[in-house]
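Trainee: Build me a structure from this.
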Amino acid sequence: MGMHVERLTDGSERLSQALVRFPLARVAASPAWWPTFETRALAAGGIDALTRTYRFSVSADGEADITLAATVREGDEPALRRCIGGFAWLEGECRDSVRYPDSEAAFRQMAAAFPARRQRLVAPLARTQNGAWLAQGDRLIPHVAAIAKEALSLGHAFGYQLLAAPLHRSAEQLRRIGRNVIALEDSRGMRAELLAEQRRLFERTRQATLMVEEVVGTDDTDAAGQWLAGALTRIFAPPAVRRGLPPPEFRPQAAEDEDFALLLHGSVLDEEAWTTDDLICSQAADETEWAALFRQQPPAGRTPPHAAATPPEPAPAPAGGGPHVPNAPPHFFLSYRRDEFAAVRPILDTLHQHGVPVWYDAGIDVGSHWIEMLERKIDEATGVLAILSPGFIESRYCRREVLFADTLGKPILPIVLAPVELGHGLNFTLHSTQMLSVSARDFWAELLRRLAELQRSAASG
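Mentor: Below is the predicted model of the structure:
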């Protein structure tokens with residue numbers, strides 16, 4: 001099993017680079033493979049790498065794989081060969097589960113293999129009125145598997161890449177970041193929980209050993225780009241809103257990015273651009289975040305529709321934190337396609353965080369009692385939230401829920417998860433209803449406003 005090592009030049013410094021790919025369809029039936037992979041991957045963190053790369057990709061055809069790469073100084077090439085070459089032991093757990101590039105052409109092809117429409121996830125600069133900045137340490141890592149499942153259900157490609165480089169910060173830079181926290185404490189109207197978060201991020205920066213850079217991608221189509229922008233908005237907008245900041249904007253773009261295929265962290269390519277205090281505080285990380293990548297098992301590829309799991313019960317809504325309207329009906333009814341629950345869950349969680357009561361059919365066996373329960377819950381509801389997607393339109397059960405709610409005169413709030421063409425009678429029912437798109441910049445604020453209006457209207461009626 002040959003392994004080509006690529007050689008690069010960074011100014012006067014010569015670098016060596018190696019990678020390995022794991023086709024996940026091969027390992028789906030080998031439960032022992034994942035623990036061995038995790039152990040080997042965590043051990044790989046011990047080499048003195050200028051950049052470590054983790055990449056997960058799933059194609060529109062449903063094929064999934066993980067790629068790992070490392071870049072070292074030329075003198076560390078023997079350690080690089082032992083580290084990346086050591087993954088060949090996984091062949092003992094599952095045959096044909098490890099693939100190395102055997103030539104320069106094969107290496108470059110594997111390095112460039114990533115969905116074409118991309119978005120770098122770098123925290124935007126946010127300042128208070130007195131000029132102090134706010135770090136934003138949100139990561140996509142915990143959500144990668146859920147977004148991948150959503151992409152599979154919608155037929156889109158999806159790619160996630162994390163680049164980790166050693167973090168270099170001076171004592172003077174830490175003092176400046178500490179003084180910024182003090183300035184935030186002096187800012188008028190600064191909330192206690194926001195100050196606590198900034199102190200945690202400062203402490204993380206003091207202890208951090210890595211600086212990370214996340215990139216995501218999807219197909220080079222407008223529909224896929226809108227889906228990815230909406231998925232990112234659902235994840236990153238709620239924490240920004242809780243901080244009192246405008247929701248981040250996401251516009252995945254297709255571009256011929258030669259630097260991307262180099263598998264190098266941005267600080268290696270442009271060190272000066274990655275030395276600002278706010279960026280370092282936002283992107284600082286430690287080995288636990290790197291390790292978290294290998295403790296999750298992303299989907300191994302497309303699963304048949306009949307294998308979709310029943311969604312779990314939602315976490316209970318926190319006490320307080322949301323609008324309370326006396327005499328309002330007890331809940332909103334959530335109408336969604338079950339195999340798209342991974343895409344719906346962020347909406348459900350955010351509504352719970354704001355104290356908005358939502359009912360959905362988790363854990364209910366399909367049958368006559370199920371139909372009776374749905375009818376009763378729609379009849380009791382303040383309104384119906386219809387999570388629209390192409391799959392929703394094709395689902396006769398979803399259509400029945402909307403049409404039944406319409407016959408009862410229930411308000412229906414359509415939320416567009418992915419671009420759709422209304423059909424099967426839904427155009428007649430929903431054509432005059434203002435729809436909300438999850439990719440809209442004001443989606444969360446508008447959603448909460450509309451729900452509060454419906455609650456007040458139901459209470460007064």
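
Trainee: Could I get the full set of strands for the stretch 201-350 of the chain?
Mentor: Defined through DSSP state E, counting those that start in this stretch, the strands belonging to the stretch 201-350 of the chain, from first to last, are 210-218, 253-254, 284-285, 332-335.

Trainee: For the first one, what is the distance to the chain centroid?
Mentor: Its chain's C-alpha centre and that of strand 210-218 lie 11 Å apart, by CA atoms, centre = their mean, to the nearest Å.

Trainee: before we move on, what about stretch 266-285?
Mentor: On the basis of CA atoms, centre = their mean, stretch 266-285 is displaced by 21 Å from the centre of the chain it belongs to.

Trainee: List of residues touching it?
Mentor: When contacts are taken as CB atoms under 8 Å, 6 or more residues apart in numbering, the neighbours of stretch 266-285 outside the stretch itself are 10, 50-51, 71, 122-123, 125, 133-137, 163-165, 167, 169, 173, 176-177, 180, 201-202, 204-205, 208-213, 259, 262, 265. Where you see a C-beta, it was placed from the backbone N, CA and C, and this is true even at glycine.

Trainee: What's the ChimeraX syntax to select whichever of those residues are buried?
Mentor: For anyone working in ChimeraX, the buried entries among those, judged by 16 or more other CB atoms under 10 Å, can be selected with:
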select :50,51,71,122,123,133,134,135,136,137,163,164,165,167,169,173,177,180,201,202,204,205,208,210,211,212,213,262,265
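
Trainee: Narrow the contacts of stretch 266-285 to those in helices?
Mentor: The members of the contacts of stretch 266-285 that map onto helices under DSSP state H are 173, 176, 177, 180, 201, 202, 204, 205.

Trainee: Which residues are in contact with the fifth one?
Mentor: This means residue 201. Contacts for residue 201 were tallied using CB under 8 Å, 6+ apart; they are 135, 137, 281, 282, 284.

Trainee: right, and out of the residues you listed, which lies closest to residue 455?
Mentor: Closest approach to residue 455 among the contacts of residue 201 (CB to CB): residue 137, at 33.9 Å.

Trainee: Residue 162 versus the residue nearest to the closest one when sequence neighbours are not counted, what's the distance?
Mentor: The shortest distance from residue 137 to any non-neighbouring residue, by CB to CB, 6 or more residues apart in numbering, is to residue 201 (5.0 Å). Counting by CB to CB, to the nearest Å, the gap from residue 201 to residue 162 is 18 Å.

Trainee: where does this protein dip in pLDDT?
Mentor: 1, 45, 256-259, 302-329, 362-369, 461 (pLDDT under 70).

Trainee: So for whichever helix in it runs longest, what gets flagged as buried?
Mentor: Assignment by DSSP H gives helix 222-242 as the longest helix of the chain. The neighbour-count criterion (16+ other CB under 10 Å) identifies 223-238, 240-241 as the buried residues of helix 222-242.

Trainee: so who does residue 226 touch?
Mentor: For residue 226, the contact set (CB under 8 Å, 6+ apart) comprises 418, 419, 437, 439.

Trainee: Give me the buried entries from these.
Mentor: Burial by neighbour count, 16+ other CB under 10 Å: within the contacts of residue 226 this picks out 418, 419, 437, 439.

Trainee: Which residue ranges make up each domain of the chain?
Mentor: Structurally, the chain divides into domains by automatic domain parsing as follows: 6-295, 305-460.

Trainee: first to last residue in the longest one, what's the distance?
Mentor: Right, the one you point to is domain 6-295. The straight-line separation of the ends of domain 6-295 (CA to CA, to the nearest Å) is 29 Å.

Trainee: Find out how far it is from the centre of the chain, if you would.
Mentor: So, by CA atoms, centre = their mean, the centroid of domain 6-295 is 12 Å from its chain's centroid.

Trainee: do the last one as well
Mentor: Centroid displacement of domain 305-460 relative to its chain, using CA atoms, centre = their mean, is 22 Å.

Trainee: all strands of the stretch 51-200 of the chain, in order?
Mentor: Using DSSP E, counting those that start in this stretch, the strands found in the stretch 51-200 of the chain span residues 51-58, 64-73, 117-121, 158-166.

Trainee: Helices of the stretch 301-450 of the chain, residue ranges please.
Mentor: In the stretch 301-450 of the chain, helices defined by DSSP state H, counting those that start in this stretch lie at 341-353, 368-380, 390-394, 396-407, 426-430, 443-460, listed in chain order.

Trainee: Out of the ones you listed, which is the most enclosed?
Mentor: Between those, the one whose residues have the most neighbours on average, counting mean count of other CB atoms under 10 Å, is helix 341-353 (a mean of 20).

Trainee: List the contacts of the closest residue to residue 185 other than its chain neighbours.
Mentor: Among residues not flanking residue 185 along the chain, residue 195 sits closest, at 6.1 Å (CB to CB, 6+ apart). When the contact criterion is CB under 8 Å, 6+ apart, the partners of residue 195 are 181, 184, 185.

Trainee: Now tabulate the strands of the stretch 51-200 of the chain in TSV and tack on distance to residue 447.
Mentor: As requested, these are arranged in TSV below (distance: least, CB to CB, whole Å):
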stretch	distance to residue 447
strand 51-58	28
strand 64-73	32
strand 117-121	22
strand 158-166	24
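
Trainee: just so I know, which of those lies nearest residue 247?
Mentor: When those are compared by CB to CB, strand 117-121 sits nearest residue 247, at 13.9 Å.

Trainee: Dump that closest one to PDB, restricted to CA.
Mentor: These are the backbone C-alpha positions of strand 117-121, laid out as PDB (Å, rounded to 0.1, in the frame of the first residue of the first chain):
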ATOM      1  CA  ARG A 117     -19.800  26.100  -3.200                       C
ATOM      2  CA  ARG A 118     -18.100  27.000   0.100                       C
ATOM      3  CA  GLN A 119     -18.400  29.100   3.200                       C
ATOM      4  CA  ARG A 120     -15.500  29.800   5.700                       C
ATOM      5  CA  LEU A 121     -16.900  30.100   9.200                       C
END
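
Trainee: Packing partners of that strand?
Mentor: strand 210-218, helix 222-242, strand 253-254 (3 or more CB pairs under 8 Å, 6 or more residues apart in numbering; DSSP states H and E).

Trainee: The spatially closest residue to residue 119 that is not a sequence neighbour: what's it in contact with?
Mentor: Leaving aside its sequence neighbours, residue 119 sits nearest to residue 252 (CB to CB, 6+ apart; 4.3 Å). With contact taken as CB under 8 Å, 6+ apart, residue 252 is in contact with 117, 118, 119, 216, 217, 218, 225, 228, 229.

Trainee: mind running it again at 6 Å?
Mentor: When contacts are counted by CB atoms under 6 Å, 6 or more residues apart in numbering, residue 252 is found next to 117, 118, 119, 225, 228.

Trainee: do you know how far it is from residue 224?
Mentor: With the distance defined as CB to CB, residue 252 ends up 8 Å from residue 224.
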